[in-house]
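Colleague: Below are the sequence and a predicted model; questions follow.
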Amino acid sequence: MASKQVPLIETVDLRKSYFSEELETAVLHGLNLTINEEEFVSIMGPSGSGKSTLMHILGFLDQPTSGKYLFRGEATRTMTDDELAAIRATRVSFVFQAFNLLPRTTVLENVMLPLLYHPTIPASERRDRAMHAIETVGLGDRATYYTNQLSGGQQQRTAIARALVTEPDVIFADEPTGNLDSKSGNQVMEAIQELHAAGGRTIILVTHEQNTAQHAKRIIHLRDGHIDSDTTKFKRLNAKKNHNLTK
C-alpha cells in the first residue's frame with residue numbers, strides 16, 4: 001500500500017489573537033486546513049475576515065497564538081529562529097499588492113535581489129537564474145529596463161519573477177491585482193496561471209475579489225476568522241482566454 005502523502009501545509013485548531021493591555025482581539029478561531037503540494041488555492045473573504053493574518057502565519061511572518069501549524073509534517077512552533085529564517089529565505093516567497101520593487105534599478109537587478117541572501121545558490125548562477133525567471137513571466141525583452149519604465153502589470157510580473165527566482169515550495173500572492181486596471185490584472189493572473197500549469201509550484205492567492213479568486217483551482221472562504229467554505233466546485237476563470245478576447 002502506498003504511503004499517505006504528507007501535506008505541504010496543515011493547520012490544526014489554529015488560533016490567533018492580538019493583545020492590547022487587558023484587551024484580547026481574536027482573529028482566527030480554530031482553523032483546520034490542509035494544502036497539498038502543487039495546489040493553486042485562493043484564500044478569500046471580506047476585510048477583517050482574517051485572510052491576511054492567516055497568510056502571515058502560513059508564510060512564517062507571524063506565529064499563531066495556539067494550535068498547530070505543520071509544514072511538510074514538521075511542527076513550526078518548535079523551529080528555531082535560524083530554521084525559520086532559512087525557510088523564509090528558501091522555501092516561501094511573496095508577491096504583494098504594492099509590488100515592493102526597488103526604484104532606479106533594473107528588472108534584472110530586482111529579480112536577482114533574493115539570491116543575494118540565499119545560502120546555497122552561488123554568485124555564478126544568479127544572473128542565469130534571474131533571467132530564466134524573467135523569461136518565465138514574459139519579460140525577457142524588459143530585463144534591462146528600470147522598473148519605473150514599466151507598466152503596472154509589468155511591474156507586478158517582475159515581482160512574480162522575483163518570487164520565483166529562489167524556486168520556493170510555495171508562492172503567496174497577496175492581492176496581486178489590487179493596484180491594477182482590469183487589463184493589467186488579467187495579464188498578471190495569466191502569468192500566475194501559466195506558472196502553476198508549468199508544474200512544481202504551490203500557489204496561495206489571497207484576495208477579497210471573487211473574480212480574482214476564481215482563477216485558482218480551489219477557494220477557501222473565510223468569514224469572521226472561520227472557514228465559511230472550502231470548494232473546488234466553481235466555474236474557473238481562464239486569464240489567457242480573457243486576454244485573447246480583449247486583443
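Modeller: All right, it came through fine.

Colleague: which intervals of this protein have sub-threshold pLDDT?
Modeller: Within the chain, the ranges that satisfy pLDDT under 70 run 1-4, 243-247.

Colleague: Which stretches in it count as strands?
Modeller: Taking DSSP state E to define them, one finds strands in the chain at 9-20, 23-35, 40-44, 66-71, 74-75, 92-96, 170-174, 202-207, 218-223, 226-231.

Colleague: Make a markdown table out of those strands and add distance to Ile57.
Modeller: C-beta here means a position set from N, CA and C on the backbone, and glycine is covered the same way. As requested, the strands of the chain are arranged in a markdown table below (distance: least, CB to CB, whole Å):
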| stretch | distance to Ile57 |
| --- | --- |
| strand 9-20 | 7 |
| strand 23-35 | 8 |
| strand 40-44 | 11 |
| strand 66-71 | 6 |
| strand 74-75 | 13 |
| strand 92-96 | 12 |
| strand 170-174 | 11 |
| strand 202-207 | 12 |
| strand 218-223 | 13 |
| strand 226-231 | 14 |
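
Colleague: distance between the top helix by length along the chain and the chain's centre?
Modeller: Scanning the chain for the longest helix, with DSSP state H as the assignment, gives helix 182-197. When distances are taken as CA atoms, centre = their mean, to the nearest Å, helix 182-197 is centred 13 Å away from the chain's centroid.

Colleague: Please name every helix or strand in contact with that helix.
Modeller: For helix 182-197, the elements it packs on are helix 152-164, strand 202-207, helix 239-246, judged by 3 or more CB pairs under 8 Å, 6 or more residues apart in numbering; DSSP states H and E.

Colleague: what's the offset of the longest one from the middle of its chain?
Modeller: Yep, that's helix 152-164 we're talking about. Helix 152-164 sits 12 Å away from the centroid of its parent chain (CA atoms, centre = their mean).

Colleague: again with stretch 7-15
Modeller: On CA atoms, centre = their mean, the centre of stretch 7-15 falls 17 Å from the chain's centre.

Colleague: Buried ones in it, by neighbour count?
Modeller: Residues of stretch 7-15 classed as buried: 7-11, 14-15 (neighbour count, 16 or more other CB atoms under 10 Å).

Colleague: ditto for stretch 142-161
Modeller: 142-143, 146-147, 150, 152-161.
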